[in-house]
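structure of the sequence below:
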Amino acid sequence: MEDAAELSTAAFGAIVASDVREWSETKYSDAIWVSRWKFSKDTSLAHHQAALEHIVDNFRNHGQLVAELDLKKYPSVWASILALAWSLAFQVPNYGSAALSSQSSPMNETKIADLFDVAVLKPLRSVSTTKKTNVIVVSGFDHESGFTALSGLTPLLAKFPFGFKFAFVGTNDRLPAILAQFRLHRYDITQAATALASITITLGTQTQQDLRLPVPTSVKDSLGVRVARDCSNWIESPYADASWIRYWRFDRATTRAGQSVVLPAVLRELRSAARLAGVLDFKRGGGADGSGGAQAAVNALAWGLALRVPAYRRALVAGNLNLHAGPERLFEGAVLAPLRAAGRAVPKPFAVVVHNFDSEAGFDGVEKFVPLLSQLPYGFKFAFSGSNERLPPLLEQFKVVKYDLLEASRLAREQAV
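Numbering: from 1, shown residues only. Presented below is the predicted three-dimensional model:
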């Protein structure tokens, strides 16, 4: 039950993050207030925290996050300005060198306005920012000291040049008054609870995707890193649309590495590059319905897309879907039709990861599902991770990049010597 609750909360956070990022790309407002009504029965503080974490993670993965200001950590205007300048120095190209070459030092300033001008605005004026929208996420203003800091910081944030947007994540009834100088878009996270309930009604919960944020680790396995980076480069290439991360099932070392090291590394890499559309595990979903797991895989792919792409999600829940229509008709109604409706809002390239097809039942599901995958529009790519000698004929319709883990493991060991 606890695991199911964590999955649901993570899915909720992903929906909020996708909605907020859609706002940054499509709306003319320069700030968004992501709030939670404190008496809401549909959302909790855990949902609020998940929303914040996923918003930060989503913008970071898309290369848009230039600063995260938690006013619990920086409860004064002075401290928050210095934290903002420090973050910009690492995230905005040439900002750091521009700040260092300035004849004025922030430490010499005694007035808040002068500090902000020297530490933030002057370096920004001297560098050209990218065409991509830059986002600053502000949180921790639910309590008095954080709100006081925000009251002093907001007039300064309003001086940022065009191309910067602000996401204020938190609950405070006094916030609208100090955000009046922005073109403000309001977002109540109850909307995400409603959207998640709609997806659950449409698709059911059996194949819900795991969108829990990965735990940061400093351990770098050379084999996993090598294959993950190669996969990331391949995803961006226009010359191949599928890869096969292959290991010999009678070699215990590479089988273990493929399942416990390489696959997680590939998933982390694709997720951090905002390229992961869905993960299809063919150990889930049996063949009792005659579909061999293909129907469950269609459902899982629809879940993955619905949690990540708001336009797809809206089209999916607006449709009249029959979950018992069979894999082919379900794929048309749950995947292809909403994708057509979403159009250019679907990211490209977008990768679908398929694994656990080593067993007879798992391969039977893949065998029925691969012809459906080939119908996905241009921009979708597929990574198959597993061992099965019968897979190559199925993949003949794709341009395939192969990774033999025996060979990759040998190269990784040679580099480690």
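
what's in contact with stretch 350-360?
With contact meaning Cβ atoms under 8 Å, 6 or more residues apart in numbering, stretch 350-360 is reached by 235, 249, 263, 266-267, 270, 275-283, 297, 301, 304, 362-363, 365-366, 369, 373, 376, 379-388, 391. Using the backbone N, CA and C atoms, a C-beta is placed for each residue, glycine as well.

mind redoing it with 6 Å?
Here stretch 350-360 makes contact (Cβ atoms under 6 Å, 6 or more residues apart in numbering) with 235, 263, 270, 275-283, 362-363, 366, 379-388.

now, those that are in helices?
Those of those mapping onto helices are Ile235, Leu263, Leu270, Gly362, Phe363, Val366, per DSSP state H.

of those residues, closest to Ser151?
Of all the ones in helices among the contacts of stretch 350-360, Ser151 sits closest to Leu270, with 40.9 Å by Cβ to Cβ.

Ser385 versus that closest one, what's the distance?
From Leu270 across to Ser385, the span is 12 Å (Cβ to Cβ, to the nearest Å).

okay, now the unreliable bits of this protein?
Filtered on pLDDT under 70, the chain yields the residue ranges 1-2, 98-110, 128-131, 206-207, 215-221, 248-258, 284-292, 412-413, 415-417.

which one's the longest helix in it?
When every helix of the chain is counted residue by residue (DSSP H), the longest turns out to be helix 2-26.

buried set for that one?
Using 16 or more other Cβ atoms under 10 Å as the burial criterion, the residues of helix 2-26 that qualify are 7-21, 23-24.

same check on stretch 322-330?
Of the residues in stretch 322-330, those buried under the neighbour-count criterion (16+ other Cβ under 10 Å) are Pro327, Glu328, Leu330.

hmm, the first one is touching Gly293, no?
Which is Pro327. No. Shown here, Pro327 and Gly293 do not form a contact pair, counting by Cβ atoms under 6 Å, at 9.4 Å.

who are the packing partners of the helix or strand hosting Thr194?
In the assignment (DSSP states H and E), Thr194 maps to helix 190-203. Contacts of helix 190-203 with other secondary structure elements, assessed using 3 or more Cβ pairs under 6 Å, 6 or more residues apart in numbering; DSSP states H and E, are made with helix 2-26, helix 294-308.

export the ones you listed to CSV and tack on distance to Pro338?
Formatted as CSV, the entries for the helices and strands packed on helix 190-203 read as follows, by distance: least, Cβ to Cβ, whole Å:
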stretch, distance to Pro338
helix 2-26, 14
helix 294-308, 7
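
so for Phe147, which of those helices sits nearest?
Checking these against Phe147 by Cβ to Cβ gives helix 2-26 as the closest, at 21.1 Å.

quick one, which of the contacts of stretch 350-360 are buried?
Buried members of those, counted by 16+ other Cβ under 10 Å: 235, 263, 270, 275-282, 362-363, 366, 380-388.

strands - which of those land there?
Under the assignment DSSP state E, the buried ones among the contacts of stretch 350-360 contribute Leu276, Ala277, Gly278, Val279, Leu280, Asp281, Phe380, Lys381, Phe382, Ala383, Phe384, Ser385 to strands.

show me what the fourth one is bridged to.
In other words, Val279. Using DSSP bridges, the beta-bridge partners of Val279 come out as Val353.

same thing with the last one?
The residues paired with Ser385 through beta bridges, assigned by DSSP bridges, are Ile245, His355.

isn't it up against Trp244?
No. Taking contact to mean Cβ under 6 Å, the distance of 8.0 Å between Ser385 and Trp244 leaves them out of contact.

list the contacts for Trp23?
Ile32, His185.

who's in contact with the residue nearest the centre of the chain?
Per Cα atoms, centre = their mean, the C-alpha nearest to the average position across the chain is that of Asn58, at 4.4 Å. Remark: with contacts taken as Cβ under 6 Å, 6+ apart, Asn58 is in contact with Ala17, Arg21.

give me the three-state assignment for it.
In three-state terms, and counting by DSSP: H, G, I helix; E, B strand; the rest coil, Asn58 is helix.

how near is it to Asp42?
Distance of Asn58 to Asp42, given as Cβ to Cβ: 22 Å.

what's the spacing between the closest residue in space to Gly365 that isn't next to it in sequence and Asn356?
In this structure, Gly365 finds its nearest non-sequential neighbour in Gly293, 2.8 Å apart by Cβ to Cβ, 6 or more residues apart in numbering. Computed with Cβ to Cβ, the distance linking Gly293 and Asn356 is 9 Å.

between these two, which one's more packed in?
It is Gly293, of Gly293 and Asn356, that has more neighbours when counted by other Cβ atoms under 10 Å, with 30 against 20.

am I right that the more buried one is in contact with Asp364?
No. Counting by Cβ under 6 Å, no contact exists between Gly293 and Asp364, whose distance comes to 7.0 Å.

Provide the secondary structure category for Asn320.
Using three-state DSSP, the secondary structure recorded for Asn320 is coil.

ok, for it, nearest residue in space, not its chain neighbours?
Once chain neighbours are set aside, the closest to Asn320 by Cβ to Cβ, 6+ apart is Gly333, at 7.9 Å.

likewise for Asp57?
Spatial nearest neighbour of Asp57, chain neighbours left out: Leu213 (5.7 Å); criterion: Cβ to Cβ, 6+ apart.

so how many other residues sit close to the one you found?
Each residue near Leu213 was counted by other Cβ under 10 Å, and the total is 14.

just say helix, strand or coil for it.
Per three-state DSSP, the secondary structure class of Leu213 is coil.

Pro161 and Asp230: what is the separation?
Taken as Cβ to Cβ, the spacing of Pro161 relative to Asp230 amounts to 39 Å.

repeat for Ser139
Distance of Ser139 to Asp230, given as Cβ to Cβ: 37 Å.

ok, the two, which is more surrounded?
Ser139 (24 against 17).

mind listing what the nearest residue to that one once chain neighbours are set aside touches?
If you skip the residues right next to it in sequence, Ser139 has Val169 as its closest partner in space, 4.6 Å away by Cβ to Cβ, 6+ apart. Taking Cβ under 6 Å, 6+ apart as the criterion, Val169 is in contact with Val34, Leu52, Ser139.

likewise Ala50?
Residues in contact with Ala50, defined by Cβ under 6 Å, 6+ apart, are Thr9, Phe12, Gly13.
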